[in-house]
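Asks: Prediction below, plus the sequence it came from.
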Amino acid sequence: MKVRKNMEFGTTIALWSQCSDRFLSQGYKKSTTFEQKIELASKIEDIKGVDLYGDWDVNPDNIDQVDKVLKRYNLKAFIVTADVASLPEFGRGSVTSPIKQNRDLAQEKINEAIDMAQRLSSPMINLWLGQDGYDYSFQSDYIWAWERIMESVEMAAEYAEKKNIKIALEYKPREPRTHIYTANVDKMLTVANMVKKDNVGVLIDTGHAYCAGENIAESVALTKMFGDKLYYVHVNDNYKIWDDDMMAGSIHPFELIEFFYWLNRCGYDGPVVLDMFPYREDPFGAAKESIELIKRINMLLLDIDESEIEDILEAQDGVRAMGMLRKYFMK
């Protein structure tokens with residue numbers, strides 16, 4: 001296992017926002033401009049790049065200005081998220097909308113994100129189909145919907161291939177729909193492998209994986225086993241019943257330790273991006289504490305005798321595993 005010594009960290013722009021919710025639409029903090037958000041993020045030395053959300057953060061009209069701001073604060077555009085979730089046209093689905101005009105619009109938005117990623121020298125886009133799902137029995141033709149998803153990803157992959165851009169498929173079981181089709185790592189690996197394109201992989205968001213009932217370390221292992229398909233990582237925490245986007249490791253530190261062990265073991269070399277929503281907390285402090293915890297975990301992984309871990313895994317010994325965690329991580 002090779003432990004990364006120079007990990008690149010990133011952050012979503014939303015982390016630095018007003019953090020509004022349905023009870024306080026104006027948010028819990030003062031409004032900030034895009035440049036102010038970027039400036040705040042740049043003050044944390046370990047942060048080297050940001051996630052950009054299409055339409056919200058970047059669009060074809062402001063992309064030149066966004067590029068200038070990022071360069072001004074020496075930050076990279078790690079990924080561009082296709083906006084197929086926040087437009088009213090997508091209320092009944094984007095690529096699975098019953099209205100062809102809206103399906104076509106969704107594909108245009110995906111291609112637009114690919115174009116913007118290329119313009120910003122970003123290596124990939126994030127495709128999160130949050131509005132593609134259902135809420136009631138007999139509401140959806142599942143086979144038809146999955147055919148549309150596969151068709152859309154394949155078209156996007158072919159377009160992105162020409163631009164040398166990768167597509168990271170982000171999954172989540174619910175919200176805004178009660179059932180999102182692309183709900184877990186298994187479904188995303190199925191899509192990635194059935195499309196048979198080298199530029200299609202998976203984005204693991206630890207909070208989404210928790211809500212999907214996954215062991216986040218096992219999810220990493222599966223992406224390695226089935227095609228080496230882990231392209232991107234979002235880190236946050238929650239109580240496994242809702243996507244709370246809390247500070248990394250604040251609820252499930254042991255799971256996060258195992259997650260980073262498997263990231264290292266499987267050779268993940270992409271950025272580790274904070275996708276958090278600190279409603280009432282200081283965003284700078286929340287980001288800094290999360291990064292320091294992750295750096296501490298990675299440093300302690302360097303101290304562990306790898307043969308000790310291998311012996312425990314071979315014996316499947318839960319008691320020795322707890323003893324190892326206590327010895328190395330509860331000093």
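Replies: Sure, I can see it.
Asks: need the strands for the stretch 1-150 of the chain, in chain order.
Replies: 9-12, 47-53, 76-81, 124-128, 133-134 (DSSP state E, counting those that start in this stretch).
Asks: Give me the buried positions along the third one.
Replies: Pointing back at strand 76-81 there. Of all the residues in strand 76-81, those buried under the rule 16 or more other Cβ atoms under 10 Å are Lys76, Ala77, Phe78, Ile79, Val80, Thr81. Where you see a C-beta, it was placed from the backbone N, CA and C, and this is true even at glycine.
Asks: What is the burial count for the nearest residue to the third one once chain neighbours are set aside?
Replies: Okay, so that is Phe78. Leaving aside its chain neighbours, Phe78 sits nearest to Gly49 (3.9 Å; criterion: Cβ to Cβ, 6 or more residues apart in numbering). Counted with other Cβ atoms under 10 Å, residues neighbouring Gly49 total 20.
Asks: swap in Lys229?
Replies: Around Lys229 sit 20 other residues, with neighbours defined as other Cβ under 10 Å.
Asks: hmm, back to that, could I get the strands of the stretch 1-150 of the chain as JSON lines with mean pLDDT and distance to Gln316?
Replies: As requested, these are exported to JSON lines (pLDDT from 0 to 100; distance: least, Cβ to Cβ, whole Å):
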{"stretch": "strand 9-12", "mean pLDDT": "98", "distance to Gln316": "34"}
{"stretch": "strand 47-53", "mean pLDDT": "98", "distance to Gln316": "37"}
{"stretch": "strand 76-81", "mean pLDDT": "98", "distance to Gln316": "37"}
{"stretch": "strand 124-128", "mean pLDDT": "99", "distance to Gln316": "35"}
{"stretch": "strand 133-134", "mean pLDDT": "98", "distance to Gln316": "37"}
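Asks: that older thread, in the sheet, who's paired with the residue nearest to Phe78?
Replies: Beta-bridge partners of Gly49, counted by DSSP bridges, are Gly10, Lys76.
Asks: ok, now which ones touch it?
Replies: Shown in contact with Gly49 (Cβ atoms under 8 Å, 6 or more residues apart in numbering): Glu8, Gly10, Leu75, Lys76, Ala77, Phe78, Pro271, Val273.
Asks: could you measure the fourth one against Lys100, distance?
Replies: Spatial separation of Lys76 from Lys100 under the definition Cβ to Cβ, to the nearest Å is 37 Å.
Asks: In TSV: the strands of the stretch 1-150 of the chain, plus distance to Glu292.
Replies: Listed next are these as TSV, based on distance: least, Cβ to Cβ, whole Å:
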stretch	distance to Glu292
strand 9-12	11
strand 47-53	12
strand 76-81	20
strand 124-128	26
strand 133-134	37
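Asks: Identify whichever of these lies nearest to Ile304.
Replies: Smallest distance to Ile304 across these (Cβ to Cβ): 22.2 Å, for strand 9-12.
Asks: how about the closest one as PDB, C-alpha atoms only?
Replies: Provided in PDB are the C-alpha atoms of strand 9-12 (Å, rounded to 0.1, in the frame of the first residue of the first chain):
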ATOM      1  CA  PHE A   9      -7.600  19.000  -1.500                       C
ATOM      2  CA  GLY A  10     -10.500  20.800  -3.100                       C
ATOM      3  CA  THR A  11     -13.900  22.200  -2.100                       C
ATOM      4  CA  THR A  12     -17.300  22.800  -3.600                       C
END
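Asks: for it, packing partners?
Replies: If you count contacts as 3 or more Cβ pairs under 8 Å, 6 or more residues apart in numbering; DSSP states H and E, strand 9-12 packs onto strand 47-53, strand 272-274, helix 283-303.
Asks: ok, 6 Å please
Replies: Counting contacts by 3 or more Cβ pairs under 6 Å, 6 or more residues apart in numbering; DSSP states H and E, strand 9-12 is packed against strand 47-53, strand 272-274.
Asks: most neighbours per residue, which of these?
Replies: Mean neighbour count (mean count of other Cβ atoms under 10 Å) peaks for strand 272-274 among the helices and strands packed on strand 9-12, with a mean of 25.
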